[in-house]
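*Asks:* Need coordinates for the following:
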Amino acid sequence: MNRYESLGYLVSHLNIELQNELDLHLKRYELDIKLWPVLFALWQEEGITQTELSKRCDVANYTMTRLLDQLQVQGLITRHQELDNRRAFQIFLTDEAKALEQDLIREAERVNEKFLANLSEEERINFIKLLNKINKLSD
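*Replies:* Prediction:
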């Protein structure tokens, strides 16, 4: 098998290229690519715990702590202690983070469009379906 037949190589290569491109777009907003999954998850559902957020972003809890610290310093999230569990915190977006959502989603869409430009509409739909199908196997 050569690298162009290796799923691992192809997915890894695409992931690196996508992250590098999105990182360039996020830098305009003084954000780092490492923060993207956290913001994206919180735009989907805020008020979840750090532990749940770690699971959704596929990062270790200690890594999530550092990412949340960075987002808090930038004024993009707040942590609220749960009433029934003093060690658990719910994570909420600030108004500033909510205001960034549309602009940052649009930046991500531009990156997607760039990387999918060589595919027809039908190929794009099938590609995304296939990726979701493969990813569901690993859940």
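*Asks:* could you list every residue that touches the residue lying closest to Thr78 once chain neighbours are set aside?
*Replies:* Distances taken as CB to CB, 6 or more residues apart in numbering put Phe92 closest to Thr78, at 5.1 Å, once the chain neighbours are dropped. (Glycine included, C-beta is placed from N, CA and C.) Taking CB atoms under 8 Å, 6 or more residues apart in numbering, we find Phe92 in contact with 42, 46-47, 77-80.
*Asks:* Nearest spatial neighbour of the residue most central in space within the chain, chain-adjacent residues omitted?
*Replies:* Most central in the chain under CA atoms, centre = their mean is Pro37, positioned 2.0 Å from the mean C-alpha point. Nearest residue to Pro37 in three dimensions, chain neighbours excluded: Cys57, at 4.2 Å (CB to CB, 6+ apart).
*Asks:* The one you found touches Ala41, doesn't it?
*Replies:* Yes. At 5.8 Å, Cys57 and Ala41 qualify as touching, with contact defined as CB atoms under 8 Å.
*Asks:* Could you export stretch 119-126 as CSV, CA atoms only?
*Replies:* Listed in CSV are the C-alpha atoms of stretch 119-126, where the atom choice follows Å, rounded to 0.1, in the frame of the first residue of the first chain:
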residue,chain,number,x,y,z
LEU,A,119,-16.0,18.1,-6.1
SER,A,120,-19.4,18.3,-7.6
GLU,A,121,-22.4,19.0,-5.3
GLU,A,122,-23.3,15.3,-5.4
GLU,A,123,-19.7,14.3,-4.5
ARG,A,124,-19.6,16.8,-1.6
ILE,A,125,-22.8,15.4,-0.2
ASN,A,126,-21.6,11.8,-0.6
